[in-house]
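K.L.:
please find the sequence and the predicted model below.
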Amino acid sequence: MKILVCISHVPDTTSKINFSDNNTKFDPTGVQFVINPNDEFGLTRAMWFKEKQGAQVTVANVGGADTEPTLRKALAIGADEAIRVNMPATDGFSVAKQLANVVKDGGYDLVIAGRESIDYNGGMVPGMIAGLIGANFVNNCIGLEVDGTSAKAVREIDGGKESVSTSLPLVIGGQKGLVEESDLRIPNMRGIMMARKKPLTVVEPVAVSAETSSVAFEKPAPKGAVTLVSPDNLDELVNLLHNEAKVI
Amino acid sequence: MSVLVYTESEQGNFKKGALEVASYAKAVANQLGTTVTAVAINANDTSALGNYGVDKVLNISNAQLDNFNANAYAAAIKQAAEQESAQVVIVSSSANSKYLAPLLAVGLNAGYVSNVVEAPSSTSPFTVKRTAFTNKAFETTQINTDIKIVGVSNNAFGLVENTGSASAEAFSPSIPELGVTVESVDKATDKVTIADAEIVVSGGRGLKGPENWGMIEELAEVLGAATACSKPVSDLGWRPHSEHVGQTGKPVASNLYIAIGISGAIQHLAGINASKVKVVINTDPEAPFFKAADYGVVGDAFQVVPELIEKLKAFKAQQ
Ligand SMILES: Cc1cc2nc3c(=O)[nH]c(=O)nc-3n(C[C@H](O)[C@H](O)[C@H](O)COP(=O)(O)OP(=O)(O)OC[C@H]3O[C@@H](n4cnc5c(N)ncnc54)[C@H](O)[C@@H]3O)c2cc1C
């Protein structure tokens, strides 16, 4: 089985978010970048397929050269090779088209992406890849088993979960549950050394037009201070929620 | 030319989110000077849609669509969009709508923007405001394609009533191969889900153990709220995983979020920040949640919550 894990390079949640050029560009100054958490769960599940079922695991990212440390980290965790499509990741649809092209060229059976990236939270890339290559698609995937060309998956739904059966080629939008947090791996020294020798191929993008484009950013208005209510005066809390906030 | 809206139902009844996206579609149609057509799949009674601005309903009734299937639903909505020459397609931010929308975008070759919080600021060019960076910012995004898909963030636009009535028409799209088959569903049907709830009551590690959740459930019941929890609570197995909210759990965009014994770590806040009003109950006045909340009680949950339940019961009895 050939697996492609899509890796998004995102600011760590604890980073302060700032914009430059008159609020039209994200300012990466001082921002710590990480593998998108949803993708990391997927990558770890891919390692399981590699170790238990002999799968071959490639990681791919659409981005500039600045994202390579994130791909190297994925190689250090255990992926066999990496592909970077040399294009800034501007909108979900064009990223999905680049990745769909990588999937077609490489003949992957299983594509593991995250249900959303924590920067733009668009949640569109996995479904679009599936639509573009005509593969089956399971979103919010919290469990996956593959046997030959058939697959069984569990997905989170509002208020619970459901079990589904499907077949390869398959794309999943994965999240926590695919593996548990305690299963996530921190690259060790040997992994980091080996990652340096593993292939990281840079491919040029196919021509796409941007279906959507970013115009400007803004930050939410600063929040007012919290209104404290004494625990001895909870009538006041009920009153505020009813008359001021109007939510009960 | 029209605005098409997918109005989601469950067991034949429209979800509240369906009426919200219908309201949103009406606002867009007014801006464009056109009408609203809704697509309803296996809904019992579509008359309510007229009250939220829908002019026409395409009624799909098909046993193959009894279980949600993203591929089949996307194909049905695509055919409706084509029949109506829809210029804009509106969907909600429910898990199912977010599942089918990217497939629909590929099918219609349409630009899709999710998590949109306001009516378009302009229709030519077509620009919408959406949340980004897990609610730490907003982005104004322009959609450049002929057909546009807008995913509206839950509870962001609200319900806007309209006087009108919707005509209904049967619609029979062709259904593609499903590709993914549902084998079993494990879901509590008697409870309000986090996604649909207007109020969410959430408990953290400060509640000490699963045996103490009785008061959380009671508070939720009094308020007609869904119950949720912080990540460590589900990791410890005190509550089911489906209740875990935050960056790695479910997103919450309710009108009221009540956090009890939750410290307010950034990864927790990232997932619940889209809620309109936040209340925190915590013994520690230094807990970061107080910086994110609108109302706070510095106090012991084991005293505050039971008392709050009594006060709310009295309040509800008066109403
Ligand atoms: C990559 C990553 C992703 C994460 N994703 C999530 C996520 O999706 N969701 C999430 O929730 N967390 C997430 N976390 C974990 C997060 O950082 C916090 O550890 C977690 O939210 C803390 O949960 P808590 O507030 O329940 O527990 P604690 O931080 O232990 O807080 C308990 C609180 O209860 C208060 N308390 C104690 N006793 C009482 C009492 N009697 N009455 C009232 N208050 C009391 C304490 O003062 C304290 O503030 C993530 C972390 C990482 C690194």
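P.N.:
Perfect, I can see it now.

K.L.:
state the phi and psi torsions of the spatially most central residue of chain B.
P.N.:
For chain B, the residue nearest the mean C-alpha position is residue B:154 (3.8 Å; Cα atoms, centre = their mean). Per-residue torsions, residue B:154: phi -60, psi 140 (degrees, to the nearest 10).

K.L.:
wait, what's in contact with it?
P.N.:
With contact set as Cβ atoms under 8 Å, 6 or more residues apart in numbering or on different chains, residue B:154 has these partners: B:17, B:20, B:92, B:93, B:94, B:195, B:253, B:254, B:274. (Glycine included, C-beta is placed from N, CA and C.)

K.L.:
for residue A:30, same thing?
P.N.:
Contacts of residue A:30 by Cβ under 8 Å, 6+ apart are A:15, A:16.

K.L.:
same question for the host helix or strand of residue B:30, mean pLDDT?
P.N.:
Per DSSP states H and E, residue B:30 falls inside helix B:16-32. Average pLDDT, helix B:16-32: 97.

K.L.:
does it reach chain A?
P.N.:
No: Helix B:16-32 does not reach chain A (Cβ under 8 Å from any Cβ of the partner chain); its nearest approach is 10.2 Å.

K.L.:
show me what that helix is packed up against.
P.N.:
strand B:2-7, strand B:36-41, strand B:86-91, strand B:122-123, strand B:148-152 (3 or more Cβ pairs under 8 Å, 6 or more residues apart in numbering or on different chains; DSSP states H and E).

K.L.:
show me what the helix or strand just after the fourth one is packed up against.
P.N.:
Downstream of strand B:122-123, the first helix or strand assigned by DSSP H and E is strand B:126-132. For strand B:126-132, the packing partners by 3+ Cβ pairs under 8 Å, 6+ apart come out as strand B:111-116, strand B:137-143.

K.L.:
winner for burial among those strands?
P.N.:
strand B:111-116 (a mean of 26; mean count of other Cβ atoms under 10 Å in any protein chain shown).

K.L.:
next, count neighbours for residue A:20.
P.N.:
Around residue A:20 there are 12 other residues, counting by other Cβ atoms under 10 Å in any protein chain shown.

K.L.:
residue B:173 now?
P.N.:
21.

K.L.:
OK, contacts around it?
P.N.:
Residue B:173 makes contacts with B:60, B:75, B:76, B:79, B:80, as judged by Cβ under 8 Å, 6+ apart.

K.L.:
which SS class is the third one?
P.N.:
What that stands for is residue B:76. Here residue B:76 is recorded as helix under DSSP: H, G, I helix; E, B strand; the rest coil.

K.L.:
surely it meets residue B:175?
P.N.:
Yes: using Cβ atoms under 8 Å, residue B:76 is in contact with residue B:175, at 6.9 Å.

K.L.:
shared neighbours, the two?
P.N.:
residue B:65.

K.L.:
please identify which of these two sits among more neighbours.
P.N.:
The neighbour comparison of residue B:76 against residue B:175 (other Cβ under 10 Å) goes to residue B:76, with 27 against 17.

K.L.:
gap between the closest residue to the more buried one other than its chain neighbours and residue A:13?
P.N.:
Excluding its sequence neighbours, the residue lying closest to residue B:76 (Cβ to Cβ, 6 or more residues apart in numbering or on different chains) is residue B:173, at 4.2 Å. Note on residue B:173: its distance to residue A:13, by Cβ to Cβ, to the nearest Å, is 41 Å.

K.L.:
can you give me the end-to-end span of stretch A:214-230?
P.N.:
By Cα to Cα, to the nearest Å, the extent of stretch A:214-230 from end to end equals 45 Å.

K.L.:
quick one: residues contacting residue B:82.
P.N.:
residue B:108.

K.L.:
alpha carbons of the host helix or strand of it, as PDB, please.
P.N.:
Per DSSP H and E: residue B:82 is located in helix B:70-83. Backbone C-alpha positions of helix B:70-83 (Å, rounded to 0.1, in the frame of the first residue of the first chain) are rendered in PDB as follows:
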ATOM      1  CA  ALA B  70     -21.400  13.000   1.300                       C
ATOM      2  CA  ASN B  71     -20.900  11.900  -2.300                       C
ATOM      3  CA  ALA B  72     -24.600  11.300  -2.900                       C
ATOM      4  CA  TYR B  73     -25.800  14.500  -1.100                       C
ATOM      5  CA  ALA B  74     -23.200  16.600  -3.000                       C
ATOM      6  CA  ALA B  75     -24.300  15.100  -6.300                       C
ATOM      7  CA  ALA B  76     -28.000  15.900  -5.500                       C
ATOM      8  CA  ILE B  77     -27.200  19.500  -4.500                       C
ATOM      9  CA  LYS B  78     -25.000  19.900  -7.600                       C
ATOM     10  CA  GLN B  79     -27.900  18.900  -9.900                       C
ATOM     11  CA  ALA B  80     -30.200  21.300  -8.100                       C
ATOM     12  CA  ALA B  81     -27.700  24.100  -8.500                       C
ATOM     13  CA  GLU B  82     -27.500  23.300 -12.200                       C
ATOM     14  CA  GLN B  83     -31.200  23.200 -12.700                       C
END
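
K.L.:
in it, what counts as buried?
P.N.:
Using 16 or more other Cβ atoms under 10 Å in any protein chain shown as the test for burial, helix B:70-83 gives B:70-81, B:83.

K.L.:
without its sequence neighbours, what residue ends up closest to residue B:263?
P.N.:
Nearest to residue B:263 is residue B:287, by Cβ to Cβ, 6+ apart, at 5.0 Å.

K.L.:
what's the neighbour count on that neighbour?
P.N.:
23.

K.L.:
so it versus residue A:247, what's the distance?
P.N.:
As defined by Cβ to Cβ, residue B:287 lies at a distance of 22 Å from residue A:247.

K.L.:
next: residue B:16.
P.N.:
15 Å.

K.L.:
look at those two and report which has more neighbours.
P.N.:
Between residue B:16 and residue A:247, counting by other Cβ under 10 Å, residue A:247 is the more crowded of the two (20 against 14).

K.L.:
and the nearest residue to that one once chain neighbours are set aside, what does it touch?
P.N.:
Distances taken as Cβ to Cβ, 6+ apart place residue B:256 nearest to residue A:247, at 4.1 Å, with adjacent residues excluded. Counting by Cβ under 8 Å, 6+ apart, residue B:256 touches A:241, A:245, A:247-248, B:198-200, B:223, B:225, B:275-279.
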